[in-house]
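J.: just coords:
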């Protein structure tokens, strides 16, 4: 079954674009990354999925059900973490967690206690006294304590320190192994590369590409680093040249033999050839789209 299925989804605020054309599907049990910079349309898509706003056009379903028609029942199956969690002032953390559990009509005390222990969250403090990171932890516990089938997480690690980020992803991986689907938006590409199995790249309200994370990285280019020289060889298939002290680095997408012939006469002391990281891949897809637009 598809956990999420979206067809040509659009959202406009008057003439302002929220999303222009989003089509993607997420299989139940997947760990899916939704990649894009701020303003690309990630949060707008998520708010439509949650029934918080209504689409201008297109269709979106969760577990095979149309969202607006089945919003109440579907929200019981979802754990949602907004990019910025807001809570009622004057409430202590334990009261916020209890309120969230009551809204789901579940007794989540045991699960909440374990989550708070692992995230090192003090439930006796008032929410207005909490740092940004601890407010994020409260949001995480609210999203996870009822053990939903689907997690929809919008920039989930902003504000968390590196140790808590690692613990958070450990929790998500455990839930995913138990069968839950994880759908998270992020512009932190290293997180997507490390934890997600599939991902979609969005820009200016449109999906550029959707694939498994490993294949997204196979653009045909290699990151080449040469030590002992200060300039890249004069080849047509070189781009993103970066000059370093006593070294030069670049992306190369041509034939290996051509590159080796060009490097043979150079005074190279060391050579490294590696797959580009996801950030370079991300920029690659953006540049390809810009080329396509230039030809229109």
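T.: Done, it's in. Keep in mind it's a predicted model, so treat the numbers as computed, not measured.
J.: what about residue 136, how many residues close to it?
T.: Residues lying near residue 136 (other C-beta atoms under 10 Å) number 25. Backbone N, C-alpha and C define where each C-beta goes, glycine included.
J.: in what helix or strand does it lie?
T.: For residue 136, the host element (DSSP states H and E) is helix 132-144.
J.: now swap in residue 261 and tell me
T.: Using DSSP H and E, the element containing residue 261 is helix 256-263.
J.: Could you figure out how far the helix or strand following that helix is turned away from helix 256-263?
T.: Counting by DSSP H and E, the element after helix 256-263 in chain order, helix or strand, is strand 270-274. With axes from the mean of the first three to the mean of the last three C-alpha atoms, to 10 degrees defining the directions, strand 270-274 sits at 150 degrees from helix 256-263.
J.: contacts for strand 270-274?
T.: Outside of strand 270-274, the residues within contact range by C-beta atoms under 8 Å, 6 or more residues apart in numbering are 222-228, 263.
J.: per-residue confidence averaged over it?
T.: Taken as a whole, strand 270-274 carries a mean pLDDT of 88.
J.: quick one: strands adjacent to it?
T.: strand 222-227 (antiparallel) (DSSP bridges).
J.: Please point out which parts of the strand it pairs with sit buried.
T.: Of the residues in strand 222-227, those with enough neighbours to count as buried (16 or more other C-beta atoms under 10 Å) are 222-224, 226-227.
J.: do the same with stretch 243-256
T.: Neighbour count says stretch 243-256 has 247-252 buried, by 16+ other C-beta under 10 Å.
J.: For the helix holding residue 136, name the packing helices and strands.
T.: Using 3 or more C-beta pairs under 8 Å, 6 or more residues apart in numbering; DSSP states H and E, the elements in contact with helix 132-144 are strand 78-81, helix 93-103, helix 109-119, strand 150-154, helix 162-177.
J.: Give the buried residues for that helix.
T.: Neighbour counts over helix 132-144 (16+ other C-beta under 10 Å) mark 133-144 as buried.
J.: now, which of the residues you listed sits nearest residue 268?
T.: Closest approach between those and residue 268, by C-beta to C-beta: residue 133, at 45.5 Å.
J.: Please tell me how far that closest one sits from residue 30.
T.: Applying C-beta to C-beta, to the nearest Å, the value for residue 133 to residue 30 is 28 Å.
J.: do the same with residue 257
T.: 40 Å.
J.: Repeat that for residue 203.
T.: Separation of residue 203 from residue 30 (C-beta to C-beta): 22 Å.
J.: got it, and residue 191?
T.: Taking C-beta to C-beta as the measure, residue 191 falls 16 Å from residue 30.
J.: Residue 100 touches residue 144, doesn't it?
T.: No. The pair residue 100 / residue 144 is not scored as a contact, 10.2 Å apart, by C-beta atoms under 8 Å.
J.: Phi first, then psi, for the most far-flung residue of the chain relative to its centre.
T.: Ranked by distance from the centre of the chain (C-alpha atoms, centre = their mean), the top residue is residue 265, with 43.8 Å. Note on residue 265: its backbone torsions stand at phi -80, psi 0 [degrees, to the nearest 10].
J.: returning to that earlier point: of residue 257 and residue 30, who's got more company?
T.: Per other C-beta under 10 Å, whichever of residue 257 and residue 30 has more neighbours is residue 30, with 20 against 8.
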